[in-house]
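>>> sequence first, predicted model second:
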Amino acid sequence: MNTSTSFQETAVRWGFVKYRSLFLTFILLVVLSSPLWFKGQLILFLATQAAVMMLVAIGLNLLMGYAGLVSLGHGALVAIGGYTTALLMVDAQISFWIASLAGVALATVTGVLMALPALRLSTWYFALVTLTFSQVVSDLLVEWKGVTKGFSGIVGIPAPSLFGRSLSPVEVYIVVAACVVLAFILSRNLVQSRIGRGMVAARDNPLAATAAGVSIWRIKLFAFAISAALAGLAGAFFAVQKTVITPEDFNADFSIFFLLTIVVGGLGRLWGPVIGTLVFFLLPELLGPLQSWRLLIYGVILLVLMVFAPHGITGMKWWRRWFDRPASITVLDGEKRPVHADPIQHVSLMIRGLKKHFGGVKALDGCDLHADSACVHALVGPNGSGKTTILNAISGFVQADEGSIIIGSVNVMKMAPHQIARLGVGRTFQTPKLLNDMTVLDNVQLGGFVSEKASAFEIALRMARASRDQAEGQTNAMELLLFVGLAERANDIAGDLPHGQQRLVEIARAMVSRPSLLLLDEPAAGLSLAELDRLGILIEAIVAKGTTVLVVEHHLELIARISRSVTVLDRGCVLADGTPDEVFSHPEVERAYMGREAMRGAK
Ligand code: ADP
Ligand code: MG
């Protein structure tokens with residue numbers, strides 16, 4: 001046994017592992033409170049500034065690390081928060097508390113207005129838009145002299161006062177540090193909830209996210225608004241701390257600095273912005289005489305990290321081993337078990353005259369289809385006959401040109417895919433769309449995005465309903481993993497699973513939201529014979545719960561066994577429909593489809 005394991009055992013005995021987050025919080029509190037013991041003015045000044053930077057970094061990590069949006073404009077948002085606060089305090093003698101609220105509001109609104117049109121662009125265009133925004137803001141700070149006083153900036157910004165007394169630098173520091181702790185807790189709560197899963201899904205696999213009912217656009221805008229608000233708040237503190245702000249404070253380096261801190265700390269890692277700021281900000285500052293080498297030191301740190309820790313400091317192996325909490329799976333039992341009072345709603349599916357042309361390709365050319373509620377309806381046909389296109393049209397991933405699609409009593413023709421998902425339509429994809437870096441359990445829990453009811457506010461403050469959602473969501477997900485036979489793989493990384501099991505994870509994910517209609521695109525492809533049998537039983541069990549299943553499949557024996565009715569497609573048109581017996585004995589079908597199957601089988 002090597003020393004590191006015995007050391008680890010000792011640590012476990014000390015309860016370190018069990019209380020690791022308490023331990024980390026304790027370290028953070030010690031670090032945060034250290035300036036109070038040293039009492040040095042410089043240390044206090046630096047610590048306040050570091051805490052201000054941490055606020056920005058925590059927000060930016062939410063945006064970049066989780067929602068996957070690169071912003072080069074956060075420096076400008078800090079400037080907006082800072083200038084608004086300073087101007088209101090200096091020119092209008094408004095108290096800091098109100099002025100800073102105005103700063104936060106203006107930074108949030110401006111940020112959202114900037115991001116709104118840009119969110120539909122790709123990551124790099126988005127980054128360019130934010131860069132341009134930051135350029136415009138820094139030009140404005142210089143040119144709009146009547147308000148911003150140009151290059152000379154705003155001087156004599158007073159300290160915040162409370163009950164008629166100005167706060168001392170120590171007290172200002174305590175307020176900023178408290179805000180950092182709050183921001184950290186808020187971001188942790190968001191990240192560990194359905195919202196965090198939705199953000200990561202929107203970043204890594206927009207199709208999977210949409211199928212789970214996530215509005216990509218809304219969740220990214222939400223991440224942007226939160227990070228802009230934190231940047232605005234940081235700006236307010238920045239102004240009162242420095243007492244003078246000039247456009248020079250917010251140059252291009254400023255935005256880049258935040259980017260570097262969260263990359264160094266670890267993108268998309270909870271402690272990343274905290275550690276990143278400490279290293280990147282305090283280290284060179286504490287080097288004192290080496291101050292002028294600061295940029296060089298940054299560069300060297302970055303290079304070393306890129307080689308030795310591509311996922312940042314908190315993404316390094318030792319950090320993950322010591323500080324990452326392994327997902328604890330709490331399966332609720334007894335009376336705590338979630339009770340689904342309302343049974344799954346029974347819906348039928350009715351498609352009339354559905355057309356979809358891709359340029360000259362008539363993928364669908366006037367299809368009709370009817371599936372009874374709580375039955376299996378199969379869709380068969382040769383490759384390229386339009387089966388996937390029908391599933392895409394039903395789930396809103398493709399906008400059909402003509403026709404109607406009625407689920408229950410709702411015509412979903414013009415609806416967005418995430419809205420259709422919210423109606424109770426679950427689906428899988430022909431090639432499984434999983435979040436390959438997340439655990440199997442997280443993947444399945446993503447499916448509960450819509451059925452978990454706590455609002456963002458409740459989640460951020462981890463109120464009772466949010467905790468209940470979390471526990472119930474996990475229990476539901478575990479039950480579904482049990483249902484598809486993958487419970488023991490819950491904590492494995494989804495991308496490591498064999499193809500057939502990935503399909504089952506996808507089915508479990510679709511089932512978490514208890515869909516009324518489930519669309520399965522070739523679920524049996526790549527399954528072994530034993531798995532095929534299992535799949536048949538699984539689909540029958542799903543139907544028994546009341547869900548209507550529309551399944552695209554090539555395995556005719558499976559279809560004959562489980563489905564009530566079958567539609568055969570050929571080149572975008574319905575060739576036949578009816579019971580499996582009727583359809584498979586249809587001469588046209590034998591010629592168009594079975595013939596080819598038979599030939600394929602003979603090869
Ligand atoms: P199936 O699932 O039955 O194999 P699809 O529905 O995927 O068939 O495709 C039907 C036809 O539509 C094919 O000719 C395919 O090339 C075409 N098609 C499908 N999606 C698109 C698309 N997004 N753009 C252009 N052509 C497409
Ligand atoms: Mg297909």
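Great, that's in hand. Numbers count the residues shown, from 1 in each chain. Ligands and ions are numbered 1, 2, ... in the order given.
>>> ok, now which ones touch the residue in the stretch 151-300 of the chain that ligand 2 sits nearest to?
Nearest residue of the stretch 151-300 of the chain to ligand 2, counting by C-beta to the ion: residue 207, 14.3 Å away. Bear in mind the C-beta positions are built from the backbone N, C-alpha and C, glycine included. Counting by C-beta atoms under 8 Å, 6 or more residues apart in numbering, residue 207 touches 397, 429, 433.
>>> can you verify the second one is assigned to a helix?
When you say that, I think you mean residue 429. No: counting by DSSP: H, G, I helix; E, B strand; the rest coil, one finds residue 429 to be coil, located in no helix.
>>> how about the residues of this protein near ligand 1?
358, 361, 363, 381, 383-389 (C-beta under 6 Å from any ligand atom).
>>> I'd like those as JSON lines, with distance to residue 293 and secondary structure appended.
JSON lines is the format used below for the residues of the chain next to ligand 1 (distance: C-beta to C-beta, whole Å; DSSP: H, G, I helix; E, B strand; the rest coil):
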{"residue": "358", "distance to residue 293": "59", "secondary structure": "strand"}
{"residue": "361", "distance to residue 293": "62", "secondary structure": "strand"}
{"residue": "363", "distance to residue 293": "62", "secondary structure": "strand"}
{"residue": "381", "distance to residue 293": "68", "secondary structure": "coil"}
{"residue": "383", "distance to residue 293": "63", "secondary structure": "coil"}
{"residue": "384", "distance to residue 293": "63", "secondary structure": "coil"}
{"residue": "385", "distance to residue 293": "67", "secondary structure": "coil"}
{"residue": "386", "distance to residue 293": "65", "secondary structure": "coil"}
{"residue": "387", "distance to residue 293": "64", "secondary structure": "helix"}
{"residue": "388", "distance to residue 293": "59", "secondary structure": "helix"}
{"residue": "389", "distance to residue 293": "61", "secondary structure": "helix"}
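>>> which one of these is nearest to ligand 2?
residue 388 (3.2 Å).
>>> per-domain residue ranges of this structure.
17-249, 349-424+514-602 (automatic domain parsing).
>>> the last one close to ligand 2?
It stands for domain 349-424+514-602. Yes: using C-beta under 5 Å from the ion, domain 349-424+514-602 reaches ligand 2 at residue 388.
>>> what mean pLDDT does that domain have?
Taken as a whole, domain 349-424+514-602 has a mean pLDDT of 90.
>>> could I get the residues of the chain next to ligand 1 in a markdown table, plus columns for neighbour count?
Listed next are the residues of the chain next to ligand 1 as a markdown table, based on neighbours: other C-beta atoms under 10 Å:
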| residue | neighbour count |
| --- | --- |
| 358 | 11 |
| 361 | 13 |
| 363 | 24 |
| 381 | 23 |
| 383 | 8 |
| 384 | 14 |
| 385 | 24 |
| 386 | 25 |
| 387 | 27 |
| 388 | 20 |
| 389 | 22 |
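>>> so what's residue 6 scoring on pLDDT?
On pLDDT, residue 6 comes in at 55.
>>> now do the strands in the stretch 51-200 of the chain.
161-162, 165-166 (DSSP state E, counting those that start in this stretch).
>>> ok, how many other residues are close to residue 437?
12 (other C-beta atoms under 10 Å).
>>> you'd agree it is up against residue 493?
Yes: the criterion here is C-beta atoms under 8 Å, and residue 437 meets it with residue 493 at 6.6 Å.
>>> name the nearest of the contacts of residue 207 relative to ligand 1.
residue 397 (9.5 Å; C-beta to the nearest ligand atom).
>>> pretty sure that closest one belongs to a strand, no?
No: with three-state DSSP as the criterion, residue 397 is located in coil rather than a strand.
>>> so which residues on this protein come close to ligand 2?
388, 430.
>>> so how far is residue 251 from the closest residue to residue 224 other than its chain neighbours?
Counting by C-beta to C-beta, 6 or more residues apart in numbering, residue 224 lies nearest to residue 115, which is 4.4 Å off, once chain neighbours are set aside. Using C-beta to C-beta, to the nearest Å, we find residue 115 at a distance of 22 Å from residue 251.
>>> what of residue 486?
With C-beta to C-beta as the criterion, residue 486 and residue 251 are 52 Å apart.
>>> who has more neighbours out of these two?
residue 486 (21 against 15).
>>> just the helices in the stretch 251-400 of the chain please.
252-265, 272-277, 283-286, 294-308, 317-323, 387-394 (DSSP state H, counting those that start in this stretch).
>>> same question but for the stretch 451-600 of the chain, I mixed them up
Counting by DSSP H, counting those that start in this stretch, the helices of the stretch 451-600 of the chain are 456-460, 464-483, 499-512, 529-544, 556-562, 580-584, 587-589, 595-602.
>>> in terms of pLDDT, where does residue 479 sit?
The predicted local confidence for residue 479 is 88.
>>> if I look at it, how far off is ligand 1?
Remark: distance between residue 479 and ligand 1 (C-beta to the nearest ligand atom, to the nearest Å) = 31 Å.
>>> what residue is smack in the middle of this structure?
In the chain, the centroid-proximal residue (C-alpha atoms, centre = their mean) is residue 199; its distance is 1.3 Å.
>>> do you know the pLDDT at it?
With respect to pLDDT, residue 199 scores 95.
>>> residue 165 now?
Residue 165 is assigned 89 on the pLDDT scale.
>>> now swap in residue 431 and tell me
According to the model, residue 431 scores 92 on pLDDT.
>>> cool, and the one 3 residues further on?
The predicted local distance difference test score for residue 434 is 95.
>>> what of residue 29?
pLDDT for residue 29: 80.
>>> that one and residue 190, how far apart?
22 Å.
>>> so between the two, which is more surrounded?
Using other C-beta under 10 Å as the criterion, residue 29 and residue 190 rank with residue 190 on top: 22 against 12.
>>> any chance of the contacts of residue 207 in JSON lines with neighbour count as columns?
Listed next are these as JSON lines, based on neighbours: other C-beta under 10 Å:
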{"residue": "397", "neighbour count": "18"}
{"residue": "429", "neighbour count": "22"}
{"residue": "433", "neighbour count": "22"}
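>>> if we only consider these, which is nearest to residue 547?
Among those, residue 429 lies closest to residue 547 (C-beta to C-beta), at 17.8 Å.
>>> contact partners for the closest one?
Counting by C-beta under 8 Å, 6+ apart, residue 429 has contacts 207-208, 211, 506, 521.
>>> which pair of those spans the longest distance?
Going by C-beta to C-beta, the pair spanning those furthest: 208 and 521, at 13.3 Å.
>>> and stretch 547-567, what's buried?
Judged by neighbour count using 16 or more other C-beta atoms under 10 Å, the buried positions of stretch 547-567 are 547-556, 558-559, 562-563, 565-567.
>>> again, but for stretch 40-57
Neighbour-count burial for stretch 40-57 [16+ other C-beta under 10 Å]: 43-57.
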